[in-house]
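>>> take a look and give me a structure for this.
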Amino acid sequence: MYSIFKYVDIGLGEPPQVVYYQKPTPLTQKLTDKPIRVEVEDDKWFPNAQEMIGLHNESLSKFKNELVDIASEGNTKHTRAILTTLYSLLWKYTSTVSSASYKTNPDISLFDHSRMVAALSVCMMNAEDINQPVILLKGDISGIQKFIYSEIKETDGAAKRLRGRSFFVKLLADTLSNYIIRQYDLYDSNIVYNSGGGFEILIPANQTNREKLIQIEKYINLSLFQMFGSKLQVVMAWGEYPLYKMFKNFDEIQQDLTQKLSLKKKQKSLSILEKIFPETIEDKENKHSGVDFEAIGTAIPHTEYLIEVVSDNFEKIKNDDRAIDLGLFGQYWYLVDQNQDIELNLLKIKETNPTFVTLYTIKDTDIGKLAKYTKYLDIVPTALSFKFIANNAPIYKHIRELKYINQSQERKSFELVQFEDLAKINSENYPLLGILRMDVDNLGFIFKKGLSGEKYSISRLASLSRQMDMFFTHDVDIIARDYKIYITYSGGDDLFAVGSWTNIIDFALAIRKEFGEYTTNNVNVTLSGGVAITKSNYPIAKSAILSGIAEDNAKKEKISNKDADKYRKDKINLFETTLNWDELDNRIKFANDLYNALEMNKEASKGVSSSFVYRLLVNTRQTIGKDGALDMEKVYRLTARLHYLFARRAMSEIDIDQEKNEILKNIKSKLLQFFLKSEEKIRRRWYKTFPIVGNYVILKNRKIK
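Prediction:
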């Protein structure tokens, strides 16, 4: 199957003109296989038939075996539960299988095309007019980021509360989508996508359903207001469309819905205005759901399974810390530790008289191992599925760098690493936190126009959005483990992460590299990010605002003439400096080399030293105006001072030629070249971006007094 990302074009440059394809392999807990590049045009490439047949047969065999195991060990009495389980298996085994390999550009998966055809078939069966059978509902949960971090004032336990809130938001989004399809007796396939706080749902077009939509929107927002005041609200817009527009020129539908949703956002809470108007603003803001976010955050790292329970009878389980109440929407969620705990938990759940239960694995896609538990509830339909949730959180047991902590006295080995200790990882001498926010550039425009014309269909939207969400919910989580990063939130098209300041920079570079490979290095699909560096006791809400400002600056600042295009972003802001990703990679590598040179030269009275780096940093800062622009007149005036500074440090060309240590010689030569010998264009960028190098080296060299 060809990668759909290679066809995205929003006018920022030519998309890849060579083949990028994915092998038909099942989804696993491992990093998603990147599209394979073949240096040939689409219409001239022919895959290895024997290899493809072998891979398809292997996947088919695994699919059959897992299906047979589930059928033989599980409860097969309930059709709806069987359909949900089958849907999950098809997701696992056919999301990288082409739906039409005989086509010129087979870029839609069998899973995405099949689920859209199934959903539209349901709409046609229940529509008033078969020529215009579809209501497409578009929704957006507003206030997510603010909700996650705004109320976290204290630093003690902040990590757990952050994690609990972000996890809760993910479950809330799933709950709302499921609540809507339950109101219409629809299926999982009717949810086109549900990610990043946004969703689209296909609903049969008839008078009853139209009237019900207005009531559903009102009920959802009243319920959210009852739980959280005005902090979280859902904005919904919808339209009715003919069937043919679902498969050609679908961009016209997306533009129409986006405009409607944008208008509704300006009238947020209008549907419940008469209910909330009598209350004061203070009353609204002081409402609270009663959810213990810290308890949820504590439980998540040890959670193996998640149970979704449709039930109106939450009272019997409300005092259980592992139960998450969303009873206003007719369901709750239950977090399960170990395999052996499931039996006991299902017995508790049975007492709440559920009408439907879904058992999820959240650390792998092996749902067959849960099949036997579907018999425990007997008359209750019980389905199996898996869920990708980016929830990596370092725990003390797994962090070698924190062995100096007396864990027997201070921390239990299975506890979440607190921010004060997280800041010490690879930065013990001067601990600081790095707070990173990243998101996909121009995603709304990509969804509206990126696959415009006849190529744009609802199946392609479903495939594009699902694969984008997969990267942020699945791959980001796996990458975070290698860098000991705390994923506060990641899904849809954005992430919010916390780590030690050195690790967060490396993590940001790793995410950008992996995302580029995942999206075929298409210049029309890019990421931007912002990093704030703070002390570990700095309020996380303020840190989030600072990193958000940094991200905004990264998207706005123009570095070259190409950046005149408002959609061209693809940058990162760090140390109040915006630069391209390749520049950041280059500067951090040089900074590490410079730091190592400082360590070698500690005993010397001249040459490379921390005070020399500090003087360079101070001087370069003086050349940057209040507007962030480089003042070349100041650069030229500084040149004489720099010649003196280099000569005083025995770093003239003659001195460097006499340097016997090759590492020191190389560093000195580069510094001299960048500051004094390079052509103006190169020198401009060096002066502008040296704060990255200077600040990195100074902070890494600094020690707590």
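>>> strands along the stretch 401-550 of the chain, start to end?
Taking DSSP state E, counting those that start in this stretch, the strands of the stretch 401-550 of the chain run over residues 433-440, 486-491, 494-500, 527-534.
>>> in its sheet, what does the shortest one sit against?
Translated: strand 486-491. The strands beside strand 486-491 in its sheet (DSSP bridges) come out as strand 494-500 (antiparallel).
>>> export the strand it pairs with to PDB, keeping only CA atoms.
Only the C-alpha atoms of strand 494-500 are listed here, as PDB (Å, rounded to 0.1, in the frame of the first residue of the first chain):
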ATOM      1  CA  ASP A 494       0.100  17.600  18.900                       C
ATOM      2  CA  LEU A 495       2.000  16.800  22.100                       C
ATOM      3  CA  PHE A 496       2.900  18.300  25.400                       C
ATOM      4  CA  ALA A 497       5.900  16.600  27.200                       C
ATOM      5  CA  VAL A 498       8.200  17.200  30.100                       C
ATOM      6  CA  GLY A 499      11.700  15.900  30.700                       C
ATOM      7  CA  SER A 500      15.100  17.000  31.900                       C
END
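>>> C-terminal to the least confident helix or strand in the chain by mean pLDDT, what's the next element?
The helix or strand of the chain with the poorest confidence is helix 281-286; it has a mean of 44 (mean pLDDT, DSSP states H and E). Moving toward the C-terminus from helix 281-286, the next helix or strand (DSSP states H and E) is helix 293-299.
>>> what comes up buried for that following helix?
Using 16 or more other C-beta atoms under 10 Å as the burial criterion, the residues of helix 293-299 that qualify are 293-299. Using the backbone N, CA and C atoms, a C-beta is placed for each residue, glycine as well.
>>> so where is the stretch 601-705 of the chain shaky, pLDDT-wise?
The stretch 601-705 of the chain contains residues with pLDDT under 70 at 604-605, 705.
>>> go with 90
Scanning the stretch 601-705 of the chain for pLDDT under 90 picks out the ranges 601-610, 619-645, 647-653, 655-656, 658-661, 663, 675-685, 687, 702-705.
>>> now the stretch 451-600 of the chain
The model of the stretch 451-600 of the chain has pLDDT under 90 over residues 451-456, 488-489, 491-492, 537, 539-542, 544-545, 557-568, 599-600.
>>> go again with 70.
Checking the stretch 451-600 of the chain against pLDDT under 70 turns up 453, 561, 563-566.
>>> same check, this time on the stretch 251-400 of the chain
Low-confidence segments of the stretch 251-400 of the chain (pLDDT under 70): 268-290, 338-340, 400.
>>> the stretch 101-250 of the chain: strands as residue ranges?
Going by DSSP E, counting those that start in this stretch, the stretch 101-250 of the chain shows strands at 134-142, 191-195, 198-204, 233-241.
>>> most tightly surrounded among those?
strand 198-204 (a mean of 24; mean count of other C-beta atoms under 10 Å).
>>> which parts of the stretch 201-350 of the chain are helices?
Secondary structure of the stretch 201-350 of the chain by DSSP state H, counting those that start in this stretch: the helices cover 207-228, 250-265, 273-276, 281-286, 293-299, 342-350.
>>> I should have written the stretch 601-705 of the chain there, sorry.
Remark: helices assigned in the stretch 601-705 of the chain by DSSP H, counting those that start in this stretch are 610-621, 632-648, 653-657, 662-672, 680-701.
>>> TSV for the strands of the stretch 101-250 of the chain, including mean pLDDT?
Listed next are the strands of the stretch 101-250 of the chain as TSV, based on pLDDT from 0 to 100:
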stretch	mean pLDDT
strand 134-142	95
strand 191-195	94
strand 198-204	96
strand 233-241	94
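>>> any chance of the helices of the stretch 601-705 of the chain in JSON lines, plus distance to residue 117 and mean neighbour count?
Shown next, in JSON lines, are the helices of the stretch 601-705 of the chain (distance: least, C-beta to C-beta, whole Å; neighbours: other C-beta atoms under 10 Å):
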{"stretch": "helix 610-621", "distance to residue 117": "60", "mean neighbour count": "17"}
{"stretch": "helix 632-648", "distance to residue 117": "61", "mean neighbour count": "14"}
{"stretch": "helix 653-657", "distance to residue 117": "69", "mean neighbour count": "13"}
{"stretch": "helix 662-672", "distance to residue 117": "59", "mean neighbour count": "18"}
{"stretch": "helix 680-701", "distance to residue 117": "50", "mean neighbour count": "19"}
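>>> mind putting those in JSON lines, distance to residue 200 included?
Shown next, in JSON lines, are the helices of the stretch 601-705 of the chain (distance: least, C-beta to C-beta, whole Å):
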{"stretch": "helix 610-621", "distance to residue 200": "48"}
{"stretch": "helix 632-648", "distance to residue 200": "51"}
{"stretch": "helix 653-657", "distance to residue 200": "62"}
{"stretch": "helix 662-672", "distance to residue 200": "52"}
{"stretch": "helix 680-701", "distance to residue 200": "40"}
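>>> of all those, which one is nearest residue 258?
Evaluated over the helices of the stretch 601-705 of the chain, closeness to residue 258 peaks at helix 680-701, with 36.4 Å, by C-beta to C-beta.
>>> returning to what we had before: dump the buried residues of helix 293-299 to a markdown table, plus distance to residue 691.
Below are those laid out as a markdown table (distance: C-beta to C-beta, whole Å):
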| residue | distance to residue 691 |
| --- | --- |
| 293 | 37 |
| 294 | 38 |
| 295 | 42 |
| 296 | 39 |
| 297 | 35 |
| 298 | 39 |
| 299 | 42 |
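>>> tell me the one of the residues you listed nearest residue 182?
Closest to residue 182, out of all of the buried residues of helix 293-299 and judged by C-beta to C-beta, is residue 296, at 23.8 Å.
>>> ok, for the closest one, nearest residue in space, not its chain neighbours?
Counting by C-beta to C-beta, 6 or more residues apart in numbering, residue 164 is the residue found nearest to residue 296 once chain neighbours are left out, at 3.6 Å.
>>> so how many other residues sit close to that neighbour?
For residue 164, the count of nearby residues is 23 (other C-beta atoms under 10 Å).
>>> with the one 5 residues further on instead?
Residue 169 has 20 neighbours, counted by other C-beta under 10 Å.
>>> now it: how far from residue 176?
Counting by C-beta to C-beta, to the nearest Å, the gap from residue 169 to residue 176 is 11 Å.
>>> between those two, what contacts are shared?
residue 141 (C-beta atoms under 8 Å, 6 or more residues apart in numbering).
>>> quick one: stretch 32-41 to chain centroid distance?
Centroid displacement of stretch 32-41 relative to its chain, using C-alpha atoms, centre = their mean, to the nearest Å, is 23 Å.
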